[in-house]
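Enquirer: Got a sequence here, can you build the structure:
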Amino acid sequence: MNSANKAAISLTTGLEDAEKVTVAFLVAVGAAESGRPTLMFLTKEAVRLMVPGVGVGTACDGCPPLEELMERYTKAGGRYLVCPICIKSKQLDADNFIDGAEPGGTVQLWEWIGDGATTFSY
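Expert: Predicted structure coming up:
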């Protein structure tokens, strides 16, 4: 497989819809573990997932635990770009986010995408 094929996953949902979060992470883990450069762009309630201890739980019977998916994603080289407007509006401290998470908005997202990426939105 061509590892130059980037994957960008946009997630707006937090634990208010844990199944949607799980699906987004399953797609992201699949991309990252297959060798694709992978970036999750987190906005709205999804930014809270970057606070240590928040992204926990199992969304459904038979679903993998969210902590496991997040650990696999990071281990596979996956990165997070976290909306700075959302960080500020929710009064979060980006200096204390989980590993691989950094503030960045649409300009940084487009810079990372460059000549193209496969995208998913949840």
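Enquirer: Which residue would you name as the spatial centre of this protein?
Expert: Met40 (3.4 Å; C-alpha atoms, centre = their mean).
Enquirer: ok, the host helix or strand of that residue: who's next to it in the sheet?
Expert: In this assignment (DSSP states H and E), Met40 forms part of strand 38-42. Strand pairing for strand 38-42, using DSSP bridges, gives strand 7-11 (parallel), strand 79-82 (parallel).
Enquirer: who touches the residue nearest to the centre of the chain in this structure?
Expert: Residues counted as contacts of Met40 (C-beta atoms under 8 Å, 6 or more residues apart in numbering) are 8-11, 24, 28, 73, 78-81. Where C-beta positions appear, they are placed from N, C-alpha and C, glycine not excepted.
Enquirer: which one of these sits closest to Ser121?
Expert: Taking C-beta to C-beta as the measure, Ser121 lies nearest Ser10 of the contacts of Met40, at 4.3 Å.
Enquirer: How many residues are close by that closest one?
Expert: Using other C-beta atoms under 10 Å, Ser10 has 17 neighbouring residues.
Enquirer: got it, and Asp99?
Expert: 11.
Enquirer: Looking at stretch 76-83 now, give me its mean pLDDT.
Expert: For stretch 76-83, the mean pLDDT works out to 98.
Enquirer: circling back: adding distance to Pro65, write the strands paired with strand 38-42 out as TSV.
Expert: Listed next are the strands paired with strand 38-42 as TSV, based on distance: least, C-beta to C-beta, whole Å:
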stretch	distance to Pro65
strand 7-11	17
strand 79-82	18
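Enquirer: for these, which one sits closest to Ile98?
Expert: So among the strands paired with strand 38-42, strand 79-82 is nearest, using C-beta to C-beta, at 7.8 Å.
Enquirer: Kindly provide the distance from the closest residue to Ile113 other than its chain neighbours to Phe41.
Expert: Spatial nearest neighbour of Ile113, excluding adjacent residues (C-beta to C-beta, 6 or more residues apart in numbering): Ala8 at 6.0 Å. According to C-beta to C-beta, to the nearest Å, Ala8 and Phe41 sit 6 Å apart.
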